[in-house]
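Undergrad: The sequence isn't on hand, but the structure is:
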């Protein structure tokens, strides 16, 4: 056996490469490096029966790749009286002293020194850093059990242990002190229940001979001390490795280390909680071993210990790249910086992009995405015939100048800005919603810079007639409304959880929540009529003062940016303006990225951060470089929305077909093909009207909605149209884009099959009348397919259509059935 | 308000957040199984469904408990009301003289006389009783939580592929709170849309619009099949697959036999239809029975309007007899068919009515202590749970919350009480939270 052994007596970076060979390494090519194994940590310090240390063994075969061999390596202790090591690389100390652990893998080995400190030197059990994480680890304080707001069976803990003082009091003082028994720890109710020795609704959570039991036991026997002011606290959680490329069916041991404020570190791999954001791709067991499935993609593992979280990011390539066609296409090399980031990710993932979409697909896609409208047959034919190389860019530029662009984006933004028409006194609300929608539409038509758009809304004062953006304040009125709407709509953050407790999956605390609330504490409202709770026609003004208090501590909270600086509290300044100044500054980490991500998701079908408005460290962007590049470009352009749209629609990703190739069918994150999605409700209804040339008569009559009003032009969601309701228009009760849904439902299918609205359009269609009266059924078929699908029929489709119509006794009826069928197909219903 | 916590031996493990999220939607979008959420209950060999179903009589407006199931014959006249109690088939249980039919079958009926919540306005109270949670107010009235019918639709689905899992007759009520909210549009109720007692009753949603002949529908169906060839594999989100399934279901419902027959109440014997009563409540109950036999899992018969602030006697005289007849006929009919153990019947409204009759000879809203009724479903029957104070008023014994009622329903139907669904902000919300099934039923 060609083992290369090196004895280590000092700390420092070592590799088991042959020392002589390393001198020659400079002369060899990178691919010819000798193989080596690396072990983390380089030295180990544990306490007698006090702590354990997970080893992480990595093999570098010498070709530039790395592989985790922690579970395959052999571990041997030189003196098992001092320290032992398990097959999975977990070291445990037994008596004080020093010894070596030999790690062997792939014919290489490495010795790791282990220092075992005596039990007396073990730091006192820390409630916050030792006990609480155990409760979190075993889900005692989870939202399903004792951590929920009402506790469980009379025992309430703070959710996920965010409030150690509270938990300490609960454990030591409540329930007549039976929960912990200092003189006889094993008889503590806490331990009896947790080990199932008395009936426990949550079952058996701990074994009596486990490390965790021993820690709790020690904590009790040492006097159940609570959190101390000056004890070392966990400053940071570090996971090694932080990211890795893993093949399908592979595994990777994680090593999680807590860094304390006094400089010490501790292995908490077996005490942490692991959660994958895409369990179908990869998941983790409680020992921190990540296992990948069979599919390619990107995933991250959220790791929690105590209050701290960190993230491991994994990449599972779709292929090793050796049998896929060259990704870098020499004919059309990546032109923009954005394309470079896309290409880099496709290479990294080993995924091949699909072929480009053809002209018919592109013009339909772009017209729908920019204008919420189907292209006409003339527009299609003109685009197809255009042979200039920049025709795609010119098409988008033209679309952006059409009035439908402003109407469509006003519709989408009226959703996010909660321009809600229903409520108690709906008849009074319509003038306001009409004004607000019109203002939003004008903003898009003028291409108002996005920073100005948002500032005008948030800092609005006055009456709705004078200043329509004040209408945002009609729906957004309470503390939760302000905080959650602003955070979700403009900062891309879902902060709802932090209203009552620390956010379980991000760093937001209640202080952050109420600091943002305090920005709006001085918003005053005058006048208004109709119902007391949601009046209309209020005048919004700024009061001289206003306070927000922390709901638990009662202390006043100063207005503050989210995670950022406190604002000036002078009565002469408007904290809302300070908020918008902070948001629109070039270095703000949320504002531009949120808009960019939202727009990217609109055009490409999925945000780079997904869900679109749920940015957190535990939900990282799938392509951070792309997102950052787009955000920087957006800021540099002066927050120019049309510029952003041109940038996004100009990328290679937006030009791809949705048809998968052999390799990218399961890709859902890297945009290697266009991700199809169903058309929004208003676009569908308008599309049907456009094909049949019969506009929808909206309830209220022509006096309210002039003939020819389109669904995308409606002022609010309160126009009673069953079609729009069942196809998922937004109810506008929150700032979440998710309220507009494309989920399928039986009611949608029934609407298509037998609604009178559609039947009436079919029965009164001038288009169908012309078709029935016309000579050529072939030409008719072409026209129909262009209108409905945006393309010409394939020969077999044309045959079916022509045969069907020509053999019918009633041509009108035949065309009605034919067009109905096409309108009910997925090719019409989807943007693909 | 006193929380009653039953001591139950929960042998279910505690819920990790991950498991809660898995019960909700997977990260990459709803899977087809989630969207359709059916077929979990298979049919038996005799064609009947496996698993229990639920028929609800919703007393929209608030039924007066003191004139129906919780009589106070010894109270002063202004509390007592106009009716006398009568004995029932269960010694010791008396109910109103206006419920003669139910008194015959009392051994199958249980009453919970101590339901309590803390709101006295129709819409918020309806949300509370339909969803278990208080949330919307009159002005900020958007539904916040899913109704129990939608929860059942999502957790169990339908017992037959073409049938809608959750149906409301004649249409949805409860101030708009009978819907699915964040569970997903697929779990909204199917509204029958017409009174089953009406002449020429047909279901608008299943009926072809004017000008569309059945032959044309066949043409359309065939053409749709020919042209609907967009590749399924381009869409990983499940939406395309889901739409296909619903289109097939819709066409089947409209043209096929199973669903139309289920709704075809005229197939029933006249004699049976008479027993249920030739009124909306009776025929709705009969239709509900047909629907659960055909595969629906939750059918809500919306009755009303019980909001008798004025002249309550007049109001109840016209509404109590048909309700009584409908409920009793349903119980007996199910029993005759051997289905009573498999169908839970639940009668409730948003609140009860004041023990004290007001100055207009009516009763006003009262949520402090009111009564709901259960029957069938394998429950013991003939039970009284809880008690109100001497002349009505507050709860004297065994306070029961709306969540407790839902927990009872879910447990009877076999839905795990640990079930959580993610709301719009990603937070897992329990279907029962602090609610516990009522022991002893």
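TA: Yep, it's here. What you see is a predicted model; the values in this text were computed from it and never measured.

Undergrad: For the closest residue to chain A within the stretch 51-200 of chain B, grab the count of nearby residues.
TA: Nearest residue of the stretch 51-200 of chain B to chain A: residue B:139, at 3.4 Å (C-beta to the nearest C-beta). Backbone N, C-alpha and C define where each C-beta goes, glycine included. Residue neighbour count, defined by other C-beta atoms under 10 Å in any protein chain shown, stands at 14 for residue B:139.

Undergrad: Counting neighbours, what do you get for whatever residue of the stretch 1-150 of chain A ends up closest to chain B?
TA: Closest to chain B within the stretch 1-150 of chain A is residue A:144: 3.0 Å, counting by C-beta to the nearest C-beta. Residues contacting residue A:144 under the criterion other C-beta under 10 Å number 21.

Undergrad: hmm, who's touching stretch A:85-94?
TA: The set of residues external to stretch A:85-94 that reach it, using C-beta atoms under 8 Å, 6 or more residues apart in numbering or on different chains, is A:44, A:46-57, A:70-71, A:73, A:75-77, A:80-84, A:101, A:103, A:114, A:116-117, A:253, A:270, A:287.

Undergrad: you'd agree residue A:822 is in a helix?
TA: Yes. Assessed with DSSP: H, G, I helix; E, B strand; the rest coil, residue A:822 lies in a helix.

Undergrad: Can you name the residues that contact the closest residue to it other than its chain neighbours?
TA: Sequence neighbours aside, residue A:788 is the residue nearest to residue A:822 in space, at 4.6 Å (criterion: C-beta to C-beta, 6 or more residues apart in numbering or on different chains). The contact partners of residue A:788, by C-beta under 8 Å, 6+ apart, come to A:691, A:819, A:822-823, A:828.

Undergrad: switch the cut-off to 6 Å
TA: The contact partners of residue A:788, by C-beta atoms under 6 Å, 6 or more residues apart in numbering or on different chains, come to A:691, A:822, A:828.

Undergrad: Residue A:297 now?
TA: A:281, A:316, A:669.

Undergrad: Closest to residue A:337 out of the residues you listed?
TA: residue A:669 (20.0 Å; C-beta to C-beta).

Undergrad: quick one: pLDDT of the closest one?
TA: pLDDT, the model's per-residue confidence, is 92 for residue A:669.

Undergrad: Let's verify it: helix, strand, or coil?
TA: coil.

Undergrad: what's around it, how many residues?
TA: 23.

Undergrad: returning to what we had before: can you tell me how far the residue of the stretch 1-150 of chain A closest to chain B is from residue A:292?
TA: 28 Å (C-beta to C-beta, to the nearest Å).

Undergrad: low-confidence ranges in the chain?
TA: I'll assume chain A. A:1-32, A:321-334, A:424-427, A:530-533, A:701-703 (pLDDT under 70).

Undergrad: Let me rephrase: I mean chain B.
TA: In chain B, residues with pLDDT under 70: B:1-49.

Undergrad: Output the longest helix belonging to it.
TA: helix B:312-336 (DSSP state H).

Undergrad: for that one, packing partners?
TA: helix B:100-104, helix B:270-276, helix B:280-294 (3 or more C-beta pairs under 6 Å, 6 or more residues apart in numbering or on different chains; DSSP states H and E).
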